[in-house]
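**Q** Provided below are the primary sequence and the corresponding predicted coordinates.
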Amino acid sequence: MKKKLGLRTKKTQKIYDEYRKNLPKGCVLCRTKPVKDFVYWRLIPNHFPYDKIAQKHQILFPKKHKALLSDLSKNELQELYEIQEKTKDFDVSILNFPHQQTIPDHFHIHLIEYKTIK
Ligand SMILES: [Zn+2]
């Protein structure tokens, strides 16, 4: 299979690939110390950022352990819309397709602030 370009630098991708070979048991998202808590959502840093494009990369996920977008409750969706509409700290959000996710058991969205040009 051809290797895809992806959004991480070669260096970060290499570290990430190593990490993925030996994924710790349990949910990494649930275990990571949050930088911010909403009512239904939680924000954590991404230790393997999409550093080709990102100067800040955090991960947003529902506090309740749910796998798919279609599993989210009305309240969870409502708060997600509010976060999406109000947050000024990021430039783009990325929702990877399930087949591309390292953590497919827990729905999450990547929030990214673009790098600035020097
Ligand atoms: Zn989890």
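**A** Received, thanks. Numbering: from 1, shown residues only.
**Q** show me what from this protein comes close to the ion.
**A** 27, 29, 30, 65, 106 (Cβ under 5 Å from the ion). The way it works is simple: take the backbone N, C-alpha and C, and place the C-beta from them, glycine included.
**Q** determine which two of these are furthest apart.
**A** The largest separation in the residues of the chain next to the ion, counting by Cβ to Cβ, is between 29 and 65 at 8.6 Å.
**Q** what do the two both touch?
**A** residue 106 (Cβ atoms under 8 Å, 6 or more residues apart in numbering).
**Q** so which of the two has more stuff around it?
**A** It is residue 29, of residue 29 and residue 65, that has more neighbours when counted by other Cβ atoms under 10 Å, with 19 against 13.
**Q** correct me, but the more buried one touches residue 104?
**A** No. At 11.3 Å, residue 29 and residue 104 do not qualify as touching, with contact defined as Cβ atoms under 8 Å.
**Q** what sits in contact with each of these two?
**A** Joint contacts of residue 29 and residue 104 (Cβ under 8 Å, 6+ apart) do not exist.
**Q** thinking again about what came up before, quick check, nearest of the residues of the chain next to the ion to residue 9?
**A** Nearest to residue 9 among those: residue 29, at 22.6 Å, using Cβ to Cβ.
**Q** what does the closest residue to residue 66 other than its chain neighbours show for phi and psi?
**A** Closest residue to residue 66 apart from its sequence neighbours, by Cβ to Cβ, 6 or more residues apart in numbering: residue 107 at 5.3 Å. Main-chain torsions, residue 107, degrees, to the nearest 10: phi -50, psi 140.
**Q** then the one 3 residues further on?
**A** Phi and psi for residue 110, reported as degrees, to the nearest 10, are phi -90, psi 120.
**Q** which parts of the chain are helices?
**A** Here the chain has its helices, by DSSP state H, at 10-21, 28-31, 74-86.
**Q** what comes up buried for the longest one?
**A** Of the residues in helix 74-86, those scored as buried under the neighbour-count criterion (16 or more other Cβ atoms under 10 Å) are 76, 79, 80, 83.
**Q** what does the average pLDDT come to for that helix?
**A** Average pLDDT, helix 74-86: 97.
**Q** other SSEs contacting it?
**A** Applying 3 or more Cβ pairs under 8 Å, 6 or more residues apart in numbering; DSSP states H and E, one finds that helix 74-86 contacts strand 41-45, strand 54-62.
**Q** thanks again, I'm all set now.
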